[in-house]
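S.K.: Provide a 3D model corresponding to the input given below.
(one chain, ligands or ions: 2)
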Amino acid sequence: MSQAPLTDRFGRTINYVRLSVTDRCDFRCVYCMAEDMTFLPRQQVLTLEEIARLARTFISLGTGKIRLTGGEPLVRKDIMELVREIGTMGLRDFAMTSNGSQLPHMAGDLRRAGLHRLNISLDSLDADRFRNITRTGRLSQVLDGIDAACEAGFRGIKLNTVVMKGRNDDEIPELIEFARRKKVDISFIEEMPLGAISEHDRSEAFCSSDEVRGIIRQHHELIPATEDSGGPARYYRMPGSQIRVGFISPHSHNFCATCNRVRVTVEGRLLLCLGNEHSVDLRRVLRGHPVNDHKLRQTIIDAMDLKPEKHHFSTNGDVQILRFMNMTGG
Ligand code: SAM
Ligand code: SF4
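M.R.: Ligands and ions are numbered 1, 2, ... in the order given. Down below sits the predicted model:
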């Protein structure tokens with residue numbers, strides 16, 4: 001059935017969906033989770049079949065790009081089956097965001113299953129710091145994971161670094177050199193106020209993309225990249241390297257005008273905006289109409305009217321969004 005692409009009230013075409021496949025994770029990054037998290041009971045979590053059905057339905061509504069995220073997508077049991085299934089759906093772009101811990105033994109299989117691109121989080125190259133930021137993570141495992149991903153032949157690999165003053169801002173030049181050496185892109189992310197955490201004061205740790213660019217410019221010229229990612233990241237290139245350096249700046253730049261994406265949590269809540277609570281319960285529709293996709297399609301089409309014009313983040317320490325990032329799905 002041919003179908004006009006999903007569009008919202010502001011004329012934006014929505015053709016990119018991020019699907020969270022789990023709220024669980026083997027790490028407990030300080031900006032993302034509390035140390036003792038309670039995870040969702042199994043019956044509240046979408047099954048892999050339900051997630052695949054969502055993927056198929058969104059694709060039938062014009063979605064060309066899907067990213068699997070979490071929590072840590074690679075800790076979900078049988079995730080490879082889902083990747084394999086979505087890998088056959090003919091997406092223009094099929095990506096995953098991972099913390100890298102499982103990549104040493106999974107990277108090759110993910111590529112063979114049809115995954116095109118990987119984003120891997122890396123906040124520090126110092127093992128002790130890495131442990132402090134992730135609370136449970138082992139740097140060596142993630143570095144092995146990055147190497148395994150590089151060998152697996154993905155179309156693209158990008159590192160993601162959340163920059164925090166006093167925690168890892170002094171490592172920016174080293175992280176750039178690492179990315180150049182590995183020939184992978186790198187994005188620096190401003191911390192977003194998602195969920196209440198006690199570990200650090202978000203307003204004190206906040207480091208703007210302008211500051212990060214200033215630090216990099218002491219070492220490399222940054223030339224704005226001409227291609228448009230269609231997303232919140234601004235990309236630059238540096239002389240002497242093919243890699244791109246991205247800046248994801250929800251605070252200092254309003255990227256909402258070109259927003260092309262929605263998210264689905266692992267409970268099946270369709271989130272129309274990262275920085276707002278607007279959501280639609282797709283799990284109820286999935287389970288209430290297990291055979292026919294008509295109601296599901298219509299619910300998704302109608303939900304686009306709820307997509308707000310923009311988000312409202314601030315850095316003054318207020319928590320505006322109560323869900324944690326592991327629930328939101330990056
Ligand atoms: N577990 C995977 C990972 O860490 O890459 C995927 C999920 S994680 C929620 C997706 C991305 O969101 C990661 O790059 C992480 O660093 C980032 N993130 C988590 N909490 C954040 C926050 N409060 N502000 C900005 N980025 C955040
Ligand atoms: Fe886990 Fe990713 Fe959140 Fe870190 S950022 S706790 S790796 S979900």
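S.K.: any low-confidence regions in the stretch 1-150 of the chain?
M.R.: The model of the stretch 1-150 of the chain has pLDDT under 70 over residues 1-3.
S.K.: mind listing the strands for it?
M.R.: 6-7, 13-14, 16-20, 65-69, 93-98, 117-121 (DSSP state E, counting those that start in this stretch).
S.K.: mind listing what's buried in stretch 207-216?
M.R.: 207-209, 211-213, 215-216 (16 or more other C-beta atoms under 10 Å). For every residue, glycine as well, the C-beta is placed using N, CA and C.
S.K.: So which of these belong to helices?
M.R.: 209, 211-213, 215-216 (DSSP state H).
S.K.: ok, which stretches of this structure are helices?
M.R.: Along the chain, counting by DSSP H, helices occupy 48-60, 79-87, 103-112, 127-134, 139-152, 172-182, 202-205, 209-217, 282-288, 294-303, 325-328.
S.K.: wait, which of those is closest to residue 36?
M.R.: helix 325-328 (13.4 Å; C-beta to C-beta).
S.K.: Identify the bridge partners of the residue nearest to residue 91 when sequence neighbours are not counted.
M.R.: Leaving aside its sequence neighbours, residue 91 sits nearest to residue 66 (C-beta to C-beta, 6 or more residues apart in numbering; 5.7 Å). Each beta-bridge partner of residue 66 is listed here: residue 17, residue 94, as defined by DSSP bridges.
S.K.: Of the helices of the chain, which stretch is the most buried?
M.R.: Ranked by mean neighbour count, the helices of the chain are led by helix 325-328 with a mean of 24 (mean count of other C-beta atoms under 10 Å).
S.K.: re earlier: any chance of TSV for the buried residues of stretch 207-216, columns pLDDT and distance to ligand 2?
M.R.: Formatted as TSV, the buried residues of stretch 207-216 follow (pLDDT from 0 to 100; distance: C-beta to the nearest ligand atom, whole Å):
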residue	pLDDT	distance to ligand 2
207	92	17
208	92	20
209	94	19
211	96	22
212	97	18
213	97	23
215	97	23
216	98	23
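S.K.: which bits of the stretch 101-250 of the chain sit near ligand 2?
M.R.: Contact residues (C-beta under 6 Å from any ligand atom) of the stretch 101-250 of the chain with ligand 2: residue 121.
S.K.: hang on, the earlier thing: with distance to residue 31 as extra columns, can I get the buried residues of stretch 207-216 in CSV?
M.R.: Below are the buried residues of stretch 207-216 laid out as CSV (distance: C-beta to C-beta, whole Å):
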residue, distance to residue 31
207, 12
208, 15
209, 16
211, 17
212, 16
213, 21
215, 19
216, 21
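S.K.: before we move on, the earlier item: same list, the helices of the chain, but as TSV with distance to ligand 1 please.
M.R.: Below are the helices of the chain laid out as TSV (distance: least, C-beta to the nearest ligand atom, whole Å):
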stretch	distance to ligand 1
helix 48-60	15
helix 79-87	12
helix 103-112	11
helix 127-134	9
helix 139-152	10
helix 172-182	13
helix 202-205	8
helix 209-217	12
helix 282-288	20
helix 294-303	22
helix 325-328	3
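S.K.: Could you say which one of these comes nearest to residue 251?
M.R.: helix 209-217 (8.3 Å).
S.K.: elements contacting that closest one?
M.R.: helix 172-182, strand 185-190, strand 244-248 (3 or more C-beta pairs under 8 Å, 6 or more residues apart in numbering; DSSP states H and E).
S.K.: export these to a markdown table and tack on mean pLDDT?
M.R.: Formatted as a markdown table, these follow (pLDDT from 0 to 100):
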| stretch | mean pLDDT |
| --- | --- |
| helix 172-182 | 98 |
| strand 185-190 | 96 |
| strand 244-248 | 95 |
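S.K.: Which residue, neighbours along the chain excluded, lies closest to residue 10?
M.R.: In space, residue 10 is closest to residue 309, 5.8 Å off (C-beta to C-beta, 6+ apart).
S.K.: I figured that neighbour hits residue 256, correct?
M.R.: Yes. Residue 309 lies in contact with residue 256 (C-beta atoms under 8 Å); the separation is 6.5 Å.
S.K.: So if I had to pick from the two, which one is more boxed in?
M.R.: The neighbour comparison of residue 309 against residue 256 (other C-beta atoms under 10 Å) goes to residue 256, with 18 against 14.
S.K.: For residue 189, see how far away the more buried one is.
M.R.: As for residue 256, its distance to residue 189 is 17 Å (criterion: C-beta to C-beta, to the nearest Å).
S.K.: which intervals of the stretch 151-300 of the chain have sub-threshold pLDDT?
M.R.: In the stretch 151-300 of the chain, residues with pLDDT under 70: 194-200, 228-231, 252-254.
S.K.: Could you export the helices of the chain as JSON lines, including distance to residue 165?
M.R.: Listed next are the helices of the chain as JSON lines, based on distance: least, C-beta to C-beta, whole Å:
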{"stretch": "helix 48-60", "distance to residue 165": "37"}
{"stretch": "helix 79-87", "distance to residue 165": "35"}
{"stretch": "helix 103-112", "distance to residue 165": "29"}
{"stretch": "helix 127-134", "distance to residue 165": "13"}
{"stretch": "helix 139-152", "distance to residue 165": "21"}
{"stretch": "helix 172-182", "distance to residue 165": "11"}
{"stretch": "helix 202-205", "distance to residue 165": "5"}
{"stretch": "helix 209-217", "distance to residue 165": "9"}
{"stretch": "helix 282-288", "distance to residue 165": "38"}
{"stretch": "helix 294-303", "distance to residue 165": "38"}
{"stretch": "helix 325-328", "distance to residue 165": "19"}
